[in-house]
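> Turn this into a model:
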Amino acid sequence: MIKNKYHSTPVFGFVPREKTRFCDADLFGDDLWKYVILKKIKLWYGSPKAGDENVKNKVVLGIQCIYQDTVSGTKTTTEQHIGDISKEDIEVKEMELKEGDYFAKFYIDFDTAITHLKFITKVGETLEVGIEKEETKRTVTLNNEEDSQMLQSFTGYYNTYGLRALGCKYIAKKDFFLINLMGILRLRHIFKTNEEEKKKWSKEEELNKLNDEPMKAIAKLCCLPEAPFAEVMKYCT
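So this is what the prediction gives:
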């Protein structure tokens, strides 16, 4: 099953009595979440709101993400999972991935709040807030996996004092691309076994009836001869 290809880290952090839970995968329903990629992360870092004696010094105050549907290309922006940002020392950092890159590693420090976050992409770009410390850093399983891993979506808790806990879903890069290529391979098989269907979608007038540009591109791809089709698929993987 496709769901078995996805894994989840623990939700690292401290979960207080008063909190708000978020799960970004819930934005996409039971099945669609498996076909989105994490495109952008935005982080807030600074002094927390006064009042909770357990939360001291600077902490990660919030996170917001943008996800992209790999089929339609549609981008979805989450709500800001964020605490109070009324202090004057608030630092905001963000990173949007370049084409072909993905978030591959996830580092976190926490005690009663998250004090450090770092994300590293496949090509080595880094998004980081806070300071890593030996006594508060945690080991995240996906950083040590033999196969290259992709961060897929986040789950966590926050309240007015900041981001209190965070975990993520992740998947091996090779499994993610295989899942997303299944639809193309099925359509290719249909065109190879049904000549009439292939002729239909080889015509520009039929393609122009589609309002979905990515689907037009996929139909054209699946109508290609074997050699150019194989070259495009090699590039995709």
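> Only the buried residues of the helix or strand containing E231, if you could.
Secondary-structure assignment from DSSP states H and E places E231 in helix 226-236. Neighbour-count burial for helix 226-236 flags F229, M233 (criterion: 16 or more other CB atoms under 10 Å). In this view, the C-beta of every residue, glycine as well, is placed from N, C-alpha and C.
> do stretch 157-176 as well
Of the residues in stretch 157-176, 157-173, 175-176 count as buried by neighbour count, 16+ other CB under 10 Å.
> Out of those residues, name the ones that lie in strands.
In strands, defined here by DSSP state E, the members of the buried residues of stretch 157-176 are 157-159, 162-172.
> What is the nearest of those residues to S202?
I171 (34.3 Å; CB to CB).
> Return the distance of the residue nearest the centre of the chain relative to L151.
In the chain, the residue lying closest to the centroid (CA atoms, centre = their mean) is L38, at 2.4 Å. Computed as CB to CB, to the nearest Å, the L38 to L151 distance reads 5 Å.
> And F12, by the same measure?
In terms of CB to CB, F12 sits 14 Å off from L151.
> The two: who's more crowded?
For F12 and L151, the more surrounded residue by other CB atoms under 10 Å is L151, and the numbers stand at 24 against 18.
> and that one, what does it touch?
Residues near L151 by CB atoms under 8 Å, 6 or more residues apart in numbering: L38, Y102, F103, A104, F106, F119, L142, C168, K169, Y170.
> of these, closest to L127?
F119 (4.7 Å).
> what kind of secondary structure is the closest one in?
Put simply, F119 is strand when judged by DSSP: H, G, I helix; E, B strand; the rest coil.
> what bridges to it?
Counting by DSSP bridges, F119 is bridged to F106, L127.
> Please give the element, helix or strand, for the residue with the largest distance to the centre of the chain.
Going by CA atoms, centre = their mean, the residue of the chain most distant from its centre is E196, 38.9 Å out. Take DSSP H and E as the rule and E196 turns out to sit in helix 195-201.
> Next, the buried residues of that helix.
Using 16+ other CB under 10 Å as the burial criterion, the residues of helix 195-201 that qualify are K198, W201.
> Excluding covalently adjacent residues, which one is nearest to N143?
Leaving aside its chain neighbours, N143 sits nearest to K105 (4.9 Å; criterion: CB to CB, 6 or more residues apart in numbering).
> and the one you found, what does it touch?
By CB under 8 Å, 6+ apart, the contact set of K105 is K118, F119, I120, V140, L142, N143, Q149.
> What of A104?
I120, T121, K122, S148, Q149, M150, L151.
> Of the residues you listed - the most surrounded one?
Using other CB under 10 Å as the neighbour test, those are led by Q149, with 26 neighbours.
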